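Q: kindly return the folded structure for what I paste below:
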Amino acid sequence: MKKRIIILSSILFLLGCQNGKDQHDASGVFEAEEVIVSSEVGGKILKFQPDEGAELAAGDSAVIIDATNIRLQKEQVEASIGALSDKTTDVGPQVELLKNQLSVQETQMVTLEKERQRFDKLVKADAATTKQLDDIVAQIDQLKKQMDVTRQQIKVQQNLTGTQNRGILSEKDPLDKRVAQLDDQLQRSVVLNPVNGTILTKYAEAGEVTSPGKALYKIADLDMLRLRAYLTGDQVATVKLGQAVKVAVDDGKGGFRNYEGKISWISDKAEFTPKTIQTKEERANLVYAVKIDVKNDGYLKIGMYGEVKF
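A: Below you'll find the model as predicted:
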């Protein structure tokens, strides 16, 4: 049916040209830059605000998807982060015990040094034997070794506990990244409209379950439509980007509604004439596609025919 309408429109246009009335340089169809907005997360659609024909601004909240599962995952990861501190070991009590032990040894060392000095004097005065002095010196040597061991134990305990704690806390960075990912998914559960425009088609409704990549709606800016027309090789040599042209659209009363247009794009490659808008004899001709921006006053519609006069 649609094909018959297009062919009939083309025939009427050609007949008009043959009669010498309302002749134009080219004809084409109005189109718009359509954007299909898709879901980035899966889940049940809780709210689908826009209806077909409604206008939305860029950044408006259009669709809200249930993100309960994502929120629970985030809480679980945050709980795992909080549990990391419980897994770490406090080295303080063990080190403090070893330091107390070292302090006692240091006190014993002071006492033995005094005894060594006293026996050293006694030996020189022949009031004590050399063996007694040697025994005290041996005790001092033994105590020094014990003190070295205690100091080493403190270092080992600090290093061992620090290594264990670093291994546990190293899990925090990946978990933080996971929280950031889930936060991003939570934000994407609210679908923000990407461009100013009018809702053309809805592909889903509130209460339905959507999935990532599934189309939700189609939107286009109808304030400025583009007329795609085709020019012959001779015609394309006479036009340039930014050139102002006249566009005429059937007003439904046997006349035309006129608009100002501007050429915004010219194809750099020739193509065969689209068979839906030309006669069979002219299909072999090569033409160049052009796009003409036309400000919409509300009467222009996507798919509507327009005539161009340079």
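Q: so where's the stretch 201-310 of the chain shaky on pLDDT?
A: Applying pLDDT under 70 to the stretch 201-310 of the chain flags the ranges 273-284.
Q: same thing with the stretch 51-200 of the chain?
A: Ranges of the stretch 51-200 of the chain meeting pLDDT under 70: 89, 91.
Q: show me where it has helices.
A: Using DSSP state H, counting those that start in this stretch, the helices of the stretch 51-200 of the chain run over 68-87, 92-124, 130-169, 172-188.
Q: residues making contact with the shortest one?
A: Yep, that's helix 172-188 we're talking about. Glu40, Val41, Ala67, Ile70, Arg71, Gln73, Lys74, Val77, Glu78, Ser80, Ile81, Leu84 (Cβ atoms under 8 Å, 6 or more residues apart in numbering). C-betas here are computed from N, CA, C, even on glycine.
Q: just send those back as JSON lines, with distance to Lys301 and neighbour count too.
A: Putting the contacts of helix 172-188 into JSON lines (distance: Cβ to Cβ, whole Å; neighbours: other Cβ atoms under 10 Å) gives the following:
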{"residue": "Glu40", "distance to Lys301": "31", "neighbour count": "16"}
{"residue": "Val41", "distance to Lys301": "34", "neighbour count": "20"}
{"residue": "Ala67", "distance to Lys301": "38", "neighbour count": "22"}
{"residue": "Ile70", "distance to Lys301": "41", "neighbour count": "21"}
{"residue": "Arg71", "distance to Lys301": "43", "neighbour count": "14"}
{"residue": "Gln73", "distance to Lys301": "46", "neighbour count": "17"}
{"residue": "Lys74", "distance to Lys301": "46", "neighbour count": "19"}
{"residue": "Val77", "distance to Lys301": "50", "neighbour count": "18"}
{"residue": "Glu78", "distance to Lys301": "52", "neighbour count": "15"}
{"residue": "Ser80", "distance to Lys301": "56", "neighbour count": "14"}
{"residue": "Ile81", "distance to Lys301": "55", "neighbour count": "14"}
{"residue": "Leu84", "distance to Lys301": "61", "neighbour count": "15"}
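Q: picking up where we left off before, Ala32: which of the helices of the stretch 51-200 of the chain is closest?
A: Of all the helices of the stretch 51-200 of the chain, helix 172-188 sits nearest to Ala32, with 26.1 Å by Cβ to Cβ.
Q: would you mind putting the CA coordinates of the closest one into PDB?
A: Provided in PDB are the C-alpha atoms of helix 172-188 (Å, rounded to 0.1, in the frame of the first residue of the first chain):
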ATOM      1  CA  LYS A 172      40.300  -3.700  49.400                       C
ATOM      2  CA  ASP A 173      41.300  -2.100  46.100                       C
ATOM      3  CA  PRO A 174      39.500  -4.700  43.900                       C
ATOM      4  CA  LEU A 175      36.500  -4.500  46.200                       C
ATOM      5  CA  ASP A 176      36.500  -0.700  45.900                       C
ATOM      6  CA  LYS A 177      36.600  -1.000  42.100                       C
ATOM      7  CA  ARG A 178      33.600  -3.400  42.300                       C
ATOM      8  CA  VAL A 179      31.700  -0.900  44.400                       C
ATOM      9  CA  ALA A 180      32.400   1.800  41.700                       C
ATOM     10  CA  GLN A 181      31.200  -0.600  39.000                       C
ATOM     11  CA  LEU A 182      28.000  -1.200  40.900                       C
ATOM     12  CA  ASP A 183      27.500   2.500  41.500                       C
ATOM     13  CA  ASP A 184      27.800   3.000  37.800                       C
ATOM     14  CA  GLN A 185      25.200   0.400  37.100                       C
ATOM     15  CA  LEU A 186      22.900   2.000  39.700                       C
ATOM     16  CA  GLN A 187      23.200   5.300  37.900                       C
ATOM     17  CA  ARG A 188      22.500   3.600  34.500                       C
END
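Q: so for Ser61, which of the helices of the stretch 51-200 of the chain sits nearest?
A: helix 172-188 (11.4 Å).
Q: for that closest one, buried residues please.
A: With burial defined by 16 or more other Cβ atoms under 10 Å, the residues of helix 172-188 counted as buried are Leu175, Arg178, Val179, Leu182, Gln185, Arg188.
Q: just checking the distance from it to the centre of its chain.
A: 12 Å (Cα atoms, centre = their mean, to the nearest Å).
Q: could you do stretch 201-214 as well?
A: For stretch 201-214, the separation from the chain centroid amounts to 20 Å (computed by Cα atoms, centre = their mean).
Q: so for that stretch, first residue to last residue, what's the gap.
A: This stretch, stretch 201-214, spans 14 Å end to end (Cα to Cα, to the nearest Å).
Q: now stretch 213-225
A: Using Cα to Cα, the end-to-end distance of stretch 213-225 comes to 27 Å.
Q: contacts for it?
A: Outside of stretch 213-225, the residues within contact range by Cβ under 8 Å, 6+ apart are 30-40, 48, 50, 56, 62-63, 191, 193-204, 210, 293-296, 300, 302.
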